[in-house]
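Q: Sequence and predicted model, in that order:
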Amino acid sequence: MAEITFSKKSLERYEWLLTRYPSKEAVLLPALHLAEEEFENIGVKEMKYVADLIGIPPARVYGVLTFYTHFRRAGCGKYHIQVCSTLSCALRGSHEVYQRISERLGIEAGETTPCGRFTLSKVECLGSCDTAPMLQMNDDYHEGLDLELVDQLIEQWRAELPEGGSS
Amino acid sequence: MAFKKVLTRHVGKKDCHTLKFYKKQGGYAQAEDAVKNQDPDALIDLVKASNLRGRGGAGFPTGVKWAFVPKHTDKAKYLVVNADESEPGTFKDRVLMEKNPHLLLDGIIICSKAVGIHHAYIYIRGEFVFAYRRLLEAVEEAYSDGLLGKGIFGSNFDLDVTLHRGAGAYICGEETGMLTSLEGKRGEPKLKPPFPAVEGVFGCPTVVNNVETLANLPYILEIGADAYKKIGPEKCPGPKLFCVSGHVENPGTFELPMGVNLLELINKHAGGVWKGRSLKAVIPGGSSAHVLHADECDVAMDIESLDEAGSMLGSAGIIVMDDSTCMVDALLNIMRFYHHESCGQCTPCREGTGWLEKLVHRIASGGGRHEDLQLIQDVCDRMVGKTICALADAAAFPAESIVKKFPEDFLHAIEQGGSPASRNRSRAAVGGGTDV
């Protein structure tokens, strides 16, 4: 397995981050965000890299990382579809949105398609209750959904990610 | 006097998020005056006199909070902006950060000058990627224009602002959880005292203010405390962002004077209950508030009035439920949220939120017993006030109030083999009659 490392740009960003906090440990969350941008998913290898970079034990990184739900963990599909399921979205049909995606992709929450393209999750409030129901796909919010829009999104995502082209 | 929007006045206009636009509207004039001409103590006194109260949920008087920070200390002082908006039903700070980010920076500068702070962190929830990018652009613009950095506005006052992304944890909206998270740790809240004002992030005196709170500051400086106090109730005044979601025709964020009537907000501004249905219940201040029955909704939306009504203004996240909603399913949804978000430090919260979810789930799925309703209350009694932070209370308040105010829905589910949604699994998880 090849050794992983940040790109020059990410390393420069990391060095800049160190100047923004009075404690080195405080750069852990920003460094994990950087690692996610750089490596897409964060597994043991990536955690160890970040730990070595900051100079803290890998177990510390693991403990912090697993406290938070945001980071894409090893095995996550290329497109991570997170359907908000909290009250305001639920009142306006998030369950139907979830069901439709689940049927179309053939996976349940917490699962990844065998091709590795899509992971489906049900998540808690994403702070977009006025445009419920909604979902987040990687960085982007898709709001004010109905089943027709959901179908369009799935077609669009499938076209963007040809089968066999996944990581 | 007709109410004039302050915080969202220009939202929707082209380039309203840019520095050029903001400055054209007179933006940063108050920050510049504060930095160059104002005495810090006078600024704190002004904010105290304005009766500005925190917009994040607790409603603490902002000026009083600032005054707790020691004046003379060898330590650095920090401002941490709570932009971790995550209380279900709340989406107001997002509007400010996406559409009016310079207003927030304007407020940050004023607060920093008043308290003697030279570094502010904006802790923004990780999912708000677009808002983060908007803020990042705004911060970069402000640095290039000499509004942040060394010697801002040509004065000898230095101020740095650093954006810090959270990573998906509701508990990091709790101020001590947020500070722990900012230090690079698991976002577990801490016991108070010591309060952050004395010993906050990195062991230093820290002001924690919500985005909307800070966004009020330029206007207070502009019109003065007396004029500000005339907007809404004197004890809790000012322009306020109200978030309305759920079963209304026109959900959204509405800027209105503090103290607007809840029914007016729902019926006039949010277009009324959708599909011609009638009102069943409203959560007025984010999902951790006590629920209001439809006949309790003729109430003013301010801290005192909602306290008297047995609920709270909280984050002003108003969730409206129509007469098709099954309150057992609604409560199950809320309980699942708090169980998921409990950080697990305190036993009453870690176990209590789990038990509440299990109990409500049992009732919803047809296995409920009559004595479960008292059991829910007993669990709540063992949670409220017994933990480090208020998450346990936040779970218990909707549980006890929904069971108490809508016993018929629970009895129906217990006696008829479950909630409508569980009896017909193809239907929505909440609002069995909702035909979306």
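A: That came in fine, so what should we check first? Residues are numbered from 1 along each chain as shown, chains lettered A, B, ... in the order given.
Q: tell me the average confidence for the helix or strand hosting B:Val207?
A: Using DSSP states H and E, B:Val207 sits within strand B:206-210. The predicted model assigns strand B:206-210 a mean pLDDT of 98.
Q: Pull the distance from the next helix or strand after it to the chain's centre.
A: Moving toward the C-terminus from strand B:206-210, the next helix or strand (DSSP H and E) is helix B:211-215. Taking Cα atoms, centre = their mean, to the nearest Å, the mean C-alpha location of helix B:211-215 is offset from the chain mean by 11 Å.
Q: same thing with stretch B:245-258?
A: That offset, for stretch B:245-258, works out to 15 Å (Cα atoms, centre = their mean).
Q: Dump that stretch to PDB, restricted to CA.
A: Taking Å, rounded to 0.1, in the frame of the first residue of the first chain, the C-alpha atoms of stretch B:245-258 are listed here in PDB:
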ATOM      1  CA  SER B 245     -41.800  25.200   8.700                       C
ATOM      2  CA  GLY B 246     -44.100  22.100   8.600                       C
ATOM      3  CA  HIS B 247     -47.700  22.200   7.500                       C
ATOM      4  CA  VAL B 248     -48.000  25.800   6.200                       C
ATOM      5  CA  GLU B 249     -48.600  27.000   2.700                       C
ATOM      6  CA  ASN B 250     -45.600  29.300   2.700                       C
ATOM      7  CA  PRO B 251     -42.700  28.200   4.900                       C
ATOM      8  CA  GLY B 252     -39.800  30.500   5.400                       C
ATOM      9  CA  THR B 253     -37.800  33.000   7.400                       C
ATOM     10  CA  PHE B 254     -39.700  36.100   8.400                       C
ATOM     11  CA  GLU B 255     -38.200  39.200   9.900                       C
ATOM     12  CA  LEU B 256     -40.700  40.900  12.200                       C
ATOM     13  CA  PRO B 257     -40.700  42.800  15.400                       C
ATOM     14  CA  MET B 258     -40.100  40.600  18.500                       C
END
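Q: Pull out the buried residues from it.
A: For stretch B:245-258, the neighbour count (16 or more other Cβ atoms under 10 Å in any protein chain shown) marks B:Ser245, B:Gly246, B:His247, B:Val248, B:Pro251, B:Gly252, B:Thr253, B:Phe254, B:Glu255, B:Leu256, B:Pro257, B:Met258 as buried. C-betas here are computed from N, CA, C, even on glycine.
Q: Number of residues surrounding the closest residue to the fifth one other than its chain neighbours?
A: Spatially, and ignoring its direct neighbours in sequence, B:Pro251 is nearest to A:Asp130 (4.1 Å; Cβ to Cβ, 6 or more residues apart in numbering or on different chains). Residue neighbour count, defined by other Cβ atoms under 10 Å in any protein chain shown, stands at 25 for A:Asp130.
Q: residues in contact with A:Asp130?
A: B:Phe91, B:Cys243, B:Val244, B:Ser245, B:Pro251, B:Gly252, B:Thr253 (Cβ atoms under 8 Å, 6 or more residues apart in numbering or on different chains).
Q: part of a strand, is the third one?
A: Yes - with the criterion set as DSSP: H, G, I helix; E, B strand; the rest coil, the secondary structure at B:Val244 is a strand.
Q: just checking, A:Glu40 touches A:Ala74?
A: No - using Cβ atoms under 8 Å, A:Glu40 is not in contact with A:Ala74; the gap is 9.8 Å.
Q: Quick one: neighbours of the closest residue to B:Ala76 other than its chain neighbours, just the number.
A: Leaving aside its sequence neighbours, B:Ala76 sits nearest to B:Cys204 (Cβ to Cβ, 6+ apart; 5.1 Å). Neighbours of B:Cys204 under the rule other Cβ under 10 Å: 18.
Q: any idea how far stretch B:382-390 is from the chain center?
A: 20 Å.
Q: Tell me how far the helix or strand of chain B with the lowest mean pLDDT lies from the chain's centre.
A: Here the helix or strand of chain B ranked lowest by mean pLDDT, DSSP states H and E is helix B:420-423, holding a mean of 80. Centroid separation between helix B:420-423 and its chain, computed with Cα atoms, centre = their mean, is 32 Å.
Q: cool, and stretch B:188-195?
A: Worked out by Cα atoms, centre = their mean, stretch B:188-195 lies 19 Å from the chain centre.
Q: Quote the end-to-end distance of that stretch.
A: Separation of the first and last residues of stretch B:188-195 by Cα to Cα, to the nearest Å is 15 Å.
Q: Could you do stretch B:70-78 as well?
A: Using Cα to Cα, first and last residues of stretch B:70-78 are 12 Å apart.
Q: outside of stretch B:62-73, which residues touch it?
A: B:44-50, B:52-54, B:77, B:111, B:114-116, B:195, B:197-198, B:205-207, B:209, B:213.
Q: Which of the residues you listed fall in helices?
A: Counted as lying in helices by DSSP state H, out of the contacts of stretch B:62-73, are B:Ile44, B:Asp45, B:Leu46, B:Val47, B:Lys48, B:Ala49, B:Ser50, B:Cys111, B:Ala114, B:Val115, B:Thr213.
Q: Just the buried ones from the residues you listed, in PyMOL syntax?
A: Here is the PyMOL command that selects the buried residues among the ones in helices among the contacts of stretch B:62-73 (16+ other Cβ under 10 Å):
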select buried, chain B and resi 44+46+47+48+50+111+114+115+213
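Q: JSON lines for the ones in helices among the contacts of stretch B:62-73, including pLDDT and distance to chain A?
A: Shown next, in JSON lines, are the ones in helices among the contacts of stretch B:62-73 (pLDDT from 0 to 100; distance: Cβ to the nearest Cβ, whole Å):
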{"residue": "B:Ile44", "pLDDT": "98", "distance to chain A": "25"}
{"residue": "B:Asp45", "pLDDT": "98", "distance to chain A": "30"}
{"residue": "B:Leu46", "pLDDT": "98", "distance to chain A": "30"}
{"residue": "B:Val47", "pLDDT": "98", "distance to chain A": "27"}
{"residue": "B:Lys48", "pLDDT": "98", "distance to chain A": "30"}
{"residue": "B:Ala49", "pLDDT": "98", "distance to chain A": "33"}
{"residue": "B:Ser50", "pLDDT": "98", "distance to chain A": "28"}
{"residue": "B:Cys111", "pLDDT": "98", "distance to chain A": "19"}
{"residue": "B:Ala114", "pLDDT": "98", "distance to chain A": "22"}
{"residue": "B:Val115", "pLDDT": "98", "distance to chain A": "18"}
{"residue": "B:Thr213", "pLDDT": "98", "distance to chain A": "17"}
